[in-house]
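> I need the structure of the sequence given here:
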Amino acid sequence: MNVLEHLLAVCGVFSIPIGILVQFIPNELVLAYGGFLVDSHDAPFFLTFLLAWVSFTLSQIGLYWIGRYGGRPVALKLYRYFRIRQDKQLRAERWFEKYGAWIVCLSLFWRQLFAVSAGVMRLSFRKFLSVTTLIFAVWSFLFIHVGMMLGSNWRMIGHFMDDVIPFLALAVGIVLIVRHVRQQPKRVKESA
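Numbers count the residues shown, from 1 in each chain. As a prediction, the model looks like this:
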């Protein structure tokens, strides 16, 4: 058993909020472990889901406010800490300008970048919270269930993610394109 698995085993269901708030452990792994705990009857589903969902939401809110009140100077320091290059940060900001609040959906793949950028760009907190709450509820529910399906093979979540990530990215891309087209119907009609 490696150090991470030992930590998860020692903390039990409370390893979920610890893993999510620390932000250096892959969240899919922590959620799959939570699903394993539910499957083995060591934790109830509702508690596991609630801990994950609330932890994601609180971590995103904290990052948002850091970006909002710290502005770009603090964001740049934080990006360096999380090893996020400045070109990615600038691209995220352009996407916020172009697509609005729905770009927060990409927080599923890069939580720190999109939450901090939302704050820097002064995205409405209400919109940010609405999208964040929705997407991380779905994310938590999905990966806890995947962990339940994998059971004692919960460590195989990486292989599962390799198969699923392209489809998730495609779904998010389609949502963003549809939203963009719906906001600019006149331009689309003129080019047709």
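
> Which residue, neighbours along the chain excluded, lies closest to Phe128?
Spatial nearest neighbour of Phe128, excluding adjacent residues (Cβ to Cβ, 6 or more residues apart in numbering): Ala118 at 5.1 Å. For every residue, glycine as well, the C-beta is placed using N, CA and C.

> which residues does that neighbour contact?
Listed by Cβ atoms under 8 Å, 6 or more residues apart in numbering, the contact set of Ala118 reads 64, 67, 96, 101, 103-104, 128.

> What's the separation between it and Leu58?
Counting by Cβ to Cβ, to the nearest Å, the gap from Ala118 to Leu58 is 15 Å.

> and the helix or strand harbouring the residue nearest to Phe128, average pLDDT?
Using DSSP states H and E, Ala118 maps to helix 111-120. In this model, helix 111-120 has a mean pLDDT of 78.

> export that helix as CSV, just CAs?
The C-alpha coordinates for helix 111-120 follow below in CSV (Å, rounded to 0.1, in the frame of the first residue of the first chain):
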residue,chain,number,x,y,z
ARG,A,111,-10.1,23.7,-11.0
GLN,A,112,-7.6,26.3,-10.0
LEU,A,113,-7.3,28.0,-13.4
PHE,A,114,-10.9,28.6,-14.1
ALA,A,115,-12.0,29.4,-10.5
VAL,A,116,-9.3,32.0,-10.0
SER,A,117,-9.8,33.4,-13.6
ALA,A,118,-13.5,33.8,-12.9
GLY,A,119,-12.7,36.0,-9.9
VAL,A,120,-10.1,38.0,-11.8
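
> is it true that Ile18 touches Cys11?
Yes - with contact defined as Cβ atoms under 8 Å, Ile18 reaches Cys11; the gap is 5.9 Å.

> Rebuild the contacts of Ala118 as a markdown table, extending it with pLDDT, distance to Val146 and neighbour count.
Shown next, in a markdown table, are the contacts of Ala118 (pLDDT from 0 to 100; distance: Cβ to Cβ, whole Å; neighbours: other Cβ atoms under 10 Å):
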| residue | pLDDT | distance to Val146 | neighbour count |
| --- | --- | --- | --- |
| Tyr64 | 90 | 27 | 24 |
| Gly67 | 86 | 30 | 26 |
| Phe96 | 74 | 30 | 20 |
| Ala101 | 71 | 27 | 18 |
| Ile103 | 69 | 25 | 24 |
| Val104 | 70 | 22 | 26 |
| Phe128 | 87 | 26 | 23 |
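
> Out of those residues, name the ones that lie in helices.
64, 67, 96, 128 (DSSP state H).

> which of those lies closest to Val54?
Closest approach to Val54 among these (Cβ to Cβ): Tyr64, at 15.4 Å.

> Many thanks, have a good one.
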